[in-house]
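Participant: model the structure of this input:
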Amino acid sequence: MFDRSLSVSVHSLDYPSHILGFVSRQRTFYKTRLQPVLATRPSSILLHTDDSGKFLESKNKSGVDTASLGSDTFLKQANTIGIIGGLSVDSTLNFSRKLVQQSDGENCPPFVLCSDPLLSKELLLHERNSFPSISGKSEHAQLNPTLIVENLRSKRAFLEKSGAQCIVMPCHISHTWHDEVSKGCSVPFLHVGECVAKELKEAKLKPLEAGSPLRIGVLAMNATLTAGFYQEKLQREGFEVVLPDKATMEHTVIPAIDALNRKDMEGAQNLLRIALQVLLVRAVNTVILASDDMRDLFPRDDPLLRKCIDPMDLLARSTIKWALSADKGT
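Facilitator: Residues are numbered from 1 along each chain as shown. Below is the predicted model of the structure:
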């Protein structure tokens, strides 16, 4: 529906909505469809781009010309949140739902959501190239990370001009370049790894084995594990980080991703169960499941998920805490 366009949605305190429209995605990695949810009087703006990424004129529902929105601030609340979309529309909208749910719906702070399918394709290609399939074959398409950074920085600048007073990226892989993208940012730019490490530190966990350090497991796509930002932020707070060992990666994680490619959801789920259990056996307090694709394989009430943390839950919680403080002027 929005393929070939950059969409920006504005959520206002005066017009609460539980979702910003209906978007479906096409993704060959494995297929999911976002179910339509009825919105309640949302205030939304769509900015379309041509094939080169240039903005085309469009109008919002009030008939306001949006061609010059890049230079005008259209949200002025002190607690306005800017959201840079990531690997998929689904995960971006899921994060928006988390903001709504964690702020009791009608009290959700205003936010501007910027989602670009061209950026999503670049991030997906980066993820694929870093994680060869079980067959040992890998797509070695040319990908320049500098272009991804420039794209993310342009989204950040647009959100700043739009009135965002805090910016978040609900995408694990995008945080590979968080330092570069946030450099020079005029407003707070939350880091998902810092949010996770801080909340775990505040939880005052106790080691599962007497005399052992606090161990936190991390399970994610290879691109996220290789970037190492979860490991860095957790170690800085004094945690010992446990990653899947080579055997686990070769015999469970990589085959699970290959199963996802073949749309064998049951096979992928069974393999990832083993990978999670291997980490839990190593006396970790909890496992950071830093992959929406992996998490979506399990039912929400799955007992195994209760031993895992969804980093986006913690990022959303930190974002709402910031918004409440900003609203009170503290």
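
Participant: which stretches in this protein count as strands?
Facilitator: 7-11, 44-46, 48-49, 55-56, 81-84, 111-115, 166-168, 215-220, 240-242, 286-290, 308-309 (DSSP state E).

Participant: please name every helix or strand in contact with the fifth one.
Facilitator: By that I understand strand 81-84. helix 89-102, strand 111-115, helix 145-161, strand 166-168 (3 or more C-beta pairs under 8 Å, 6 or more residues apart in numbering; DSSP states H and E). Placement of C-beta: from N, CA and C, glycine included.

Participant: again, only this time at 6 Å
Facilitator: For strand 81-84, the packing partners by 3 or more C-beta pairs under 6 Å, 6 or more residues apart in numbering; DSSP states H and E come out as strand 111-115, strand 166-168.

Participant: what pairs with that strand, and is each one parallel or antiparallel?
Facilitator: Note on strand 81-84: by DSSP bridges, its sheet partners are strand 111-115 (parallel), strand 166-168 (parallel).

Participant: do the same with the longest one
Facilitator: According to DSSP bridges, strand 215-220 forms sheet pairs with strand 240-242 (parallel), strand 286-290 (parallel).

Participant: what comes into contact with the longest one?
Facilitator: Read that as strand 286-290. Identification of contacts with strand 286-290 by C-beta atoms under 6 Å, 6 or more residues apart in numbering yields 172, 217-220, 224, 276, 279, 295, 308-309, 311.

Participant: alpha carbons only: can I get that strand in PDB?
Facilitator: Extracted C-alpha coordinates of strand 286-290, given in PDB (Å, rounded to 0.1, in the frame of the first residue of the first chain):
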ATOM      1  CA  THR A 286      17.300 -14.000  31.600                       C
ATOM      2  CA  VAL A 287      17.800 -13.900  27.900                       C
ATOM      3  CA  ILE A 288      17.500 -10.800  25.800                       C
ATOM      4  CA  LEU A 289      15.600 -11.900  22.700                       C
ATOM      5  CA  ALA A 290      16.800  -9.200  20.400                       C
END
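
Participant: about what we covered before: just put the strands paired with strand 215-220 in a markdown table and tack on mean neighbour count.
Facilitator: Below are these laid out as a markdown table (neighbours: other C-beta atoms under 10 Å):
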| stretch | mean neighbour count |
| --- | --- |
| strand 240-242 | 17 |
| strand 286-290 | 23 |
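
Participant: I'd like the ones you listed laid out as JSON lines, including distance to residue 168 and mean pLDDT.
Facilitator: Compiled in JSON lines, those are given as follows (distance: least, C-beta to C-beta, whole Å; pLDDT from 0 to 100):
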{"stretch": "strand 240-242", "distance to residue 168": "23", "mean pLDDT": "97"}
{"stretch": "strand 286-290", "distance to residue 168": "15", "mean pLDDT": "97"}
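
Participant: need the ones you listed in a markdown table with distance to residue 187, can you?
Facilitator: Putting the strands paired with strand 215-220 into a markdown table (distance: least, C-beta to C-beta, whole Å) gives the following:
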| stretch | distance to residue 187 |
| --- | --- |
| strand 240-242 | 30 |
| strand 286-290 | 25 |
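
Participant: how about those strands, which one is nearest residue 200?
Facilitator: Closest approach to residue 200 among those is made by strand 286-290 (7.7 Å; C-beta to C-beta).

Participant: pretty sure residue 218 contacts residue 230?
Facilitator: Yes: using C-beta atoms under 6 Å, residue 218 is in contact with residue 230, at 5.1 Å.

Participant: what's the closest of the strands of the chain to residue 100?
Facilitator: Nearest to residue 100 among the strands of the chain is strand 7-11; the distance by C-beta to C-beta comes to 8.2 Å.

Participant: ok, back up a step: among the contacts of strand 286-290, which one has the most neighbours?
Facilitator: Sorting the contacts of strand 286-290 by how many neighbours each has (other C-beta atoms under 10 Å) puts residue 172 first, at 28 neighbours.

Participant: for it, what are its contacts?
Facilitator: Going by C-beta under 6 Å, 6+ apart, the list of residues near residue 172 reads 224, 290.

Participant: go on, the one 3 residues further on?
Facilitator: By C-beta under 6 Å, 6+ apart, residue 175 lies in contact with 192, 229.

Participant: from residue 189, how far off is it?
Facilitator: 11 Å (C-beta to C-beta, to the nearest Å).

Participant: also residue 289?
Facilitator: 24 Å.

Participant: wait, what's in contact with residue 81?
Facilitator: Per C-beta under 6 Å, 6+ apart, neighbours of residue 81: 109, 111, 166, 319.
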